[in-house]
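# output the structure for:
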Amino acid sequence: MILASISISDSASEMEMLAARELQNYCQQMTGAEIPLRSSDDLGAESDGSVLIGLPSNHPHIGHLAFSRKIRNPDKSVEPEGFVIETLIDGGLSRLVITGRDPKGLMNGVRHLLQEVFGVNFNDNQRIPTRDNLTVPELSIALSPPFSIH
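Next up is the predicted model:
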């Protein structure tokens, strides 16, 4: 699946918007192309390759996918600050879902995708790889932090 757009709810919290913009920013730095942010209301036939980013309680499509068990529900499968990242085919369209048990978990999920899948190095001498496109392999990840800092 090649990332084509980022879908975020109109009712997204500030942290959810920050996570979506961070993903958008790093994707642009890697490819040189801007991946558009779209409202979750705009998911339609032209949205193959969409990243659905948000919490099940705020993003209607993520909520539906979790409720219908097409993806793991982060409220039931991870601890606070944990996240779920899954690829799936939904209505014939490729999707990448990044969600969390809470907003901090969502941000952890975005950071995990950037670091572990796309190779971004967040250490002191930050390294951002250059790519022609952002191809995502099949993913099914549910991780909780070993400990949380409040």
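# any idea how many residues pack against S5?
18 (other Cβ atoms under 10 Å). (Each C-beta comes from the backbone N, C-alpha and C, glycine too.)
# residues in contact with it?
I35, P36, L37, R38, S47, G49, S50, V51 (Cβ atoms under 8 Å, 6 or more residues apart in numbering).
# quick one: least confident of the residues you listed?
Looking at those, model confidence by pLDDT dips furthest at S47: 73.
# quick one, grab the pLDDT at F147.
pLDDT recorded at F147 is 67.
# same thing with N123?
Looking at N123, its pLDDT is 80.
# now S40
Reading off the per-residue confidence, S40 sits at a pLDDT of 75.
# thinking it is in contact with S9, fair?
Yes. Taking Cβ atoms under 8 Å as the contact criterion, S40 and S9 are neighbours in contact, 4.6 Å apart.
# between the two, which contacts overlap?
In contact with both S40 and S9: G54, H59, P60, using Cβ under 8 Å, 6+ apart.
# now the helices: where do they sit in this protein?
If you assign secondary structure with DSSP state H, the helices in the chain sit at 14-31, 60-67, 74-77, 103-112.
# average pLDDT across the third one?
Helix 74-77 comes out with an average pLDDT of 92.
# any idea how far it is from the chain center?
Per Cα atoms, centre = their mean, to the nearest Å, the displacement of helix 74-77 from the mean C-alpha position of its chain is 16 Å.
# what does stretch 105-124 give?
Mean C-alpha position of stretch 105-124 versus that of the full chain (Cα atoms, centre = their mean) differs by 11 Å.
# going forward can the numbers begin at 771, since that is how I track them
Okay, using 771 as the starting number, the last item reads as stretch 875-894.
# how about the closest residue in space to C797 that isn't next to it in sequence, what does it touch?
Closest residue in space to C797, ignoring its immediate chain neighbours: I805 at 4.8 Å, by Cβ to Cβ, 6 or more residues apart in numbering. Contact analysis of I805 by Cβ under 8 Å, 6+ apart lists L773, A774, S775, I776, L793, Q794, C797, Q798, V821, L904.
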